[in-house]
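Colleague: This is a predicted model, with the sequence first.
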Amino acid sequence: MYELKNVTKRYTRGKDTVHALDGIDLTIADGDRLVIQGPTGGGKSTLLQMLGALDRPTSGDIVLDGTDLATLTEARLTKVRSENIGFVFQSFNLIPTLTAQENVETALVPLGIKAKERRELAADALKSVGLAERLGHLPGEMSGGQQQRVAIARAVVKKPKVLLADEPTGNLDEGTRDEIMDVLERLWKEHGLTFVMVTHDSTLAKKAPRLATLRKGRITVTENART
Ligand SMILES: Nc1ncnc2c1ncn2[C@@H]1O[C@H](COP(=O)(O)OP(=O)(O)OP(=O)(O)O)[C@@H](O)[C@H]1O
């Protein structure tokens, strides 16, 4: 469970200060699915970075299961990330020289899992996203949708509590977008994940059970009773 209290993030360059997040209060329960939308520059990616322990706020608390991420050292943040949080990005972020299976295995290396088990877990994760036939393929030999499936397998292979996705369908056509959303939704349910997704896609935002809108670093949350 996440509890954010009065979270601010300021970026300063010379005389200019950007208030990327400006007093965010937000609770995200275990197993929740939250979609974040809003205009460009509104603070969506910044908020996701805070939730993902990729960066610390300027002030405020980001409590994940009783631990305030804002107070942790870099080493502890890295540990929280590698054990608890899976990421999916718009641009897939796969390593081009590694096969699908090797890319997925990279998520298990920091957890100290032995090579044989890593290979097995990675193969299982790739099967679960429909890529059983593609274990030995390089990213460049796969379609965008397949590459995103590899990235999703890499995000969930370590069985994280939290899955964070930043525009996961932003580089995909409409049909592939729906397929990827189906995969994400299925994994969210199967793994009981806490799932937070940033999207510009208004169709996806309308379907969200809980929708956060970020404008100029300020948040409003609406519950959608129809879903
Ligand atoms: N590393 C940084 N240094 C300086 N300013 C930054 C940095 N990262 C973000 N910002 C600024 O913070 C504000 C929020 O940026 P953020 O990327 O979170 O917005 P966003 O809602 O994700 O936008 P988009 O939809 O375009 O991705 C913007 O004004 C941006 O220019």
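Modeller: Thanks, I have the structure now.
Colleague: Please give me every residue in contact with the most centrally placed residue in the chain.
Modeller: Residue closest to the average C-alpha location in the chain (CA atoms, centre = their mean): L164, at 1.6 Å. Listed by CB atoms under 8 Å, 6 or more residues apart in numbering, the contact partners of L164 are L48, L51, G52, I85, G86, F87, V88, V196, M197. Where you see a C-beta, it was placed from the backbone N, CA and C, and this is true even at glycine.
Colleague: Mind checking which of those residues land in strands?
Modeller: I85, G86, F87, V88, V196, M197 (DSSP state E).
Colleague: Could you single out the nearest of the residues you listed to K114?
Modeller: Lowest distance from K114 to the ones in strands among the contacts of L164 (CB to CB) belongs to G86, with 20.8 Å.
Colleague: D201 - nearest residue in space that isn't next to it in sequence?
Modeller: T169 (6.5 Å; CB to CB, 6 or more residues apart in numbering).
Colleague: my read: that neighbour touches E179, true?
Modeller: No - taking CB atoms under 8 Å as the definition, T169 is not a contact partner of E179, at 9.3 Å.
Colleague: Give me the more crowded residue out of those two.
Modeller: Ranked by neighbour count (other CB atoms under 10 Å), T169 and E179 place T169 first, with 25 against 16.
Colleague: in the lowest-mean-pLDDT helix or strand in the chain, what counts as buried?
Modeller: The helix or strand of the chain with the lowest confidence, counting by mean pLDDT, DSSP states H and E, is helix 202-207 at a mean of 80. Across helix 202-207, burial judged by 16 or more other CB atoms under 10 Å covers L204, A205.
Colleague: Residues of this protein that sit close to the ligand?
Modeller: Y11, V18, A20, G38, T40, G41, G42, G43, K44, S45, T46, L214 (CB under 6 Å from any ligand atom).
Colleague: Please settle this for me: is the third one part of a strand?
Modeller: What it means is A20. Yes - A20 forms part of a strand when assessed by DSSP: H, G, I helix; E, B strand; the rest coil.
Colleague: give me every residue that touches it.
Modeller: By CB under 8 Å, 6+ apart, A20 lies in contact with K9, R10, Y11, G43, T46, G217.
Colleague: can we see that at 10 Å?
Modeller: A20 sits next to 8-11, 41-47, 49-50, 57-58, 214, 216-217 when contact means CB atoms under 10 Å, 6 or more residues apart in numbering.
Colleague: Please apply the same query to the second one.
Modeller: Contacts for V18 (CB under 10 Å, 6+ apart) come out as K9, R10, Y11, T12, G41, G43, T46, K216, G217.
Colleague: How about residues contacting stretch 181-189?
Modeller: 31-33, 86, 88, 125, 128-130, 145, 148-149, 152-153, 155-156, 163, 165, 168-169, 172, 193-195, 197, 199, 201, 203-204, 207.
Colleague: now these: which count as buried?
Modeller: 32-33, 86, 88, 125, 128-129, 145, 148-149, 152-153, 155-156, 163, 165, 168-169, 172, 193-195, 197, 199, 201, 204.
Colleague: Could you list which of those residues belong to strands?
Modeller: Taking DSSP E as the definition of strands, the buried ones among the contacts of stretch 181-189 contribute R33, G86, V88, L163, A165, T194, F195, M197.
Colleague: Dump these to a markdown table, plus pLDDT.
Modeller: Shown next, in a markdown table, are these (pLDDT from 0 to 100):
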| residue | pLDDT |
| --- | --- |
| R33 | 94 |
| G86 | 97 |
| V88 | 97 |
| L163 | 97 |
| A165 | 97 |
| T194 | 96 |
| F195 | 96 |
| M197 | 96 |
